[in-house]
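> Output the structure for:
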Amino acid sequence: MLTTEQIVATNSAHMEAVHELTGTAASYSRDLFQIAVGLGYEFSRLAEAHLAESHQHVVSVMERAMKHVPNGAETIQKAMESYVSNSAQAEGVANKAVAKRRKAA
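Purely as a prediction, here's the structure:
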């Protein structure tokens, strides 16, 4: 049979072990959260880079196409220039929104 001192010592050892495990679990949870945040940031950065690259490609294609517009097709040329201008403005607005969101996070 256990004495009172042995029960108190066993209970104290048990509480210390639980406290240590709780601290380890909390630390692990914080580490996982930091990994998830970092991963989300990297995905966002990659997506932005891909979109910027795609936009540049579209602009390049449009500029090359405008060089080969036949005479008398000024309306088409103006529409293409408008598209390039509007898409550049939209990209700028989107980039500002992303930058603002990052600062807020």
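> okay, CA-based contacts and neighbour counts for the rest of this
Fine.
> helices or strands next to the helix or strand encompassing S60 in the packing?
Using DSSP states H and E, S60 sits within helix 4-67. Judged by 3 or more CA pairs under 8 Å, 6 or more residues apart in numbering; DSSP states H and E, the packing partners of helix 4-67 are helix 74-104.
> separation between the residue nearest the centre of the chain and A99?
By CA atoms, centre = their mean, the chain has its centre lying nearest to S44, at 2.8 Å. Distance of S44 to A99, given as CA to CA, to the nearest Å: 11 Å.
> One more: Q89?
Taking CA to CA, one finds Q89 at 15 Å from A99.
> and if you look at V61?
In terms of CA to CA, V61 sits 28 Å off from A99.
> cool, and A25?
Applying CA to CA to A25 and A99 gives a distance of 34 Å.
> Could you do V58 as well?
According to CA to CA, V58 stands 23 Å off from A99.
> same check, this time on E16
E16 is 46 Å from A99, by CA to CA.
> for stretch 2-17, what is the average pLDDT?
Stretch 2-17 carries an average pLDDT of 89.
> can you give me the offset of that stretch from its chain's centre?
Computed by CA atoms, centre = their mean, to the nearest Å, the chain-centroid distance of stretch 2-17 equals 49 Å.
> Please apply the same query to stretch 76-83.
33 Å.
> which other residues reach that stretch?
By CA atoms under 8 Å, 6 or more residues apart in numbering, the list of residues contacting stretch 76-83 from outside reads M62, M66, V69.
> pLDDT wise, what is the closest residue to the second one other than its chain neighbours at?
The reference is to M66. Closest residue to M66 apart from its sequence neighbours, by CA to CA, 6 or more residues apart in numbering: Q77 at 6.1 Å. Per-residue confidence (pLDDT) for Q77: 80.
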